[in-house]
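In: dropping a prediction and its sequence here:
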Amino acid sequence: MSAVESISFDHAELLRFITAGSVDDGKSTLIGRLLHDSKSIFEDQLSAITHTTRRRGMEGVDLSLLTDGLQAEREQGITIDVAYRYFATPKRKFIIADTPGHEQYTRNMVTGASTANLAIILIDARKGMLTQSRRHAYLASLVGIPHLVVAVNKMDLVGYSREVFEQICKDFAAFAEGLKLSNIVYIPMSALNGDMVVERGTKLGWYEGTTLMDFLESVPIDHDINLEDFRFPVQLVCRPQIEELHDFRGYMGRIESGFISVGDPVKILPSGLTSRIKEIVTYDGSVERAVAPQSVTLTIEDHLDISRGDMLVKTDGEAPRVTKEFEAMLCWLSEQSLDPRRKYLVKHTTRVVKALVSRIDCRVDINTLNHEAADTLKMNDIGLVALKMQQPLVCDQYQHNHATGSFIVIDEVNNNTIAAGMICPALG
């Protein structure tokens, strides 16, 4: 066991991030380097990958084996699914999603990116900006990841050239001007040798910026959650079957955004009924105030008809839209193509309703970002569509509120998740 593992991280802040890039850009090796140099792996794990490395006739330690968990990945030498890894330092806890580089696994990257605070896009210093680099930057922008690290890897293979690094930064910045990416950091590195990953190394003295680990530990993520607009989808109505609590009626769920205090006036949507918060109950007991993303039980002063799928919002805050129609960017995940003649299920927060795709406006070529005419969406396609619901949903724009601006589409025949959607600004 490493020294780091003996430290308690119960109250450390959690950062979720993804790695993305072209095939052989070094994503898995980078994650292995982060785990190894931060002393976040057990000795038996290190011994196992050392043995596997030698069995393959290689010297040293192939750190990519720490993340390539599927046997098929190891045989092919590529990452074909999202591999999640967890580690911690004294400053922060981390969940890493190592996402695929191939275009046909776009759906896997969208899945890994959907909950990420930060994305690391690796670029091979020898190859510079590639089509996949643009595609992954677009996907990061599409799902609203607030922080982006452009990691120019394999600097050891270009003699740690400052000129090569600066040209790649210039090319990426020019492309990113058309995307909604607010915080981009550029870091030169060698994941193989460890330069600028956890330690600075000795080869990149001309670079005055932070190491990757220092940035991961310090990047502010307090504002990644919308703390202004209170949104509380009701997951369960709690009525304990014990005599002393027979009058108790609580509404259980997670605060998806904003905060709430005892006495605050609230509106229940879609009904529009109003009341006030009487009590806020958490695992530790009653509290006066709760904030996203806490899971709580709320009670109100009035006896109202509230059920799973309803949403509590503040009466004095910015109201969400209650609508049966909206436009959305849809990422199609299923091998079976979208059929506009079929009914699907839309799961939005805790509500599930039947829906139709009433219009397909275009399909996005995620390599060129061009919009193309389309009458269907196939697996890994991303398109702008319009949907009509059988019952109203309580929605926000995705860019304004990820929790209430996103949804999934379910095949009601087999209950498989077949698409993920992000509600566009033009609601209704």
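Out: Sure thing, it's come through. Note that the structure is predicted; figures quoted are calculated from it, not measured.
In: can you pull out the helices in the chain?
Out: With helices called from DSSP state H, the chain shows them at 27-37, 43-55, 71-76, 106-113, 131-142, 162-176, 212-218, 402-405.
In: which other helices and strands contact the longest one?
Out: Other elements packing on helix 162-176 under the criterion 3 or more Cβ pairs under 8 Å, 6 or more residues apart in numbering; DSSP states H and E are helix 131-142, strand 147-153, strand 183-188. (Glycine included, C-beta is placed from N, CA and C.)
In: any idea of the mean pLDDT in stretch 227-234?
Out: Averaging the model's pLDDT scores along stretch 227-234 yields 94.
In: same question for stretch 374-391.
Out: Per-residue scores along stretch 374-391 average to 94.
In: check which residues of that stretch are buried.
Out: Of all the residues in stretch 374-391, those buried under the rule 16 or more other Cβ atoms under 10 Å are A374, L377, M379, N380, D381, I382, G383, L384, V385, A386, L387, M389.
In: ok, those vs F259, which is closest?
Out: M389 (28.9 Å; Cβ to Cβ).
In: mind telling me which residue is nearest the centre of this structure?
Out: T115 (2.1 Å; Cα atoms, centre = their mean).
In: okay, now the residue nearest to that residue when sequence neighbours are not counted: neighbour count?
Out: Leaving aside its chain neighbours, T115 sits nearest to R16 (5.6 Å; criterion: Cβ to Cβ, 6 or more residues apart in numbering). Applying other Cβ atoms under 10 Å, we find 20 residues neighbouring R16.
In: do the same with N367
Out: N367: 13 neighbours (other Cβ under 10 Å).
In: how about the nearest residue to it, chain neighbours excluded?
Out: Sequence neighbours aside, T131 is the residue nearest to N367 in space, at 4.8 Å (criterion: Cβ to Cβ, 6+ apart).
In: what is the neighbour count of L227?
Out: Close neighbours of L227, defined as other Cβ under 10 Å, add up to 14.
In: phi, psi for it please.
Out: Geometry field for L227 lists phi and psi as phi -100, psi 10, criterion degrees, to the nearest 10.
In: wait, isn't it in contact with S257?
Out: Yes: assessed by Cβ atoms under 8 Å, L227 is found in contact with S257 at 6.9 Å.
In: what do those two both touch?
Out: A292 (Cβ atoms under 8 Å, 6 or more residues apart in numbering).
In: who are the contact partners of the residue nearest to T115?
Out: By Cβ under 8 Å, 6+ apart, the neighbours of R16 are F94, I95, A97, T115, A116, N117, L118.
In: tell me, how many residues neighbour the residue nearest to N367?
Out: Going by other Cβ under 10 Å, the residues that sit close to T131 add up to 12.
In: gap between it and D195?
Out: T131 is 27 Å from D195, where distance means Cβ to Cβ, to the nearest Å.
In: now do D284
Out: Counting by Cβ to Cβ - D284 and D195 are separated by 45 Å.
In: neighbour count winner among these two?
Out: The neighbour comparison of D284 against D195 (other Cβ under 10 Å) goes to D195, with 23 against 6.
In: leaving aside the residues next to it on the chain, what's closest to the more buried one?
Out: With Cβ to Cβ, 6+ apart as the criterion, D195 has its nearest non-adjacent residue at 3.4 Å, and that residue is G201.
In: many thanks, I have nothing further to ask.
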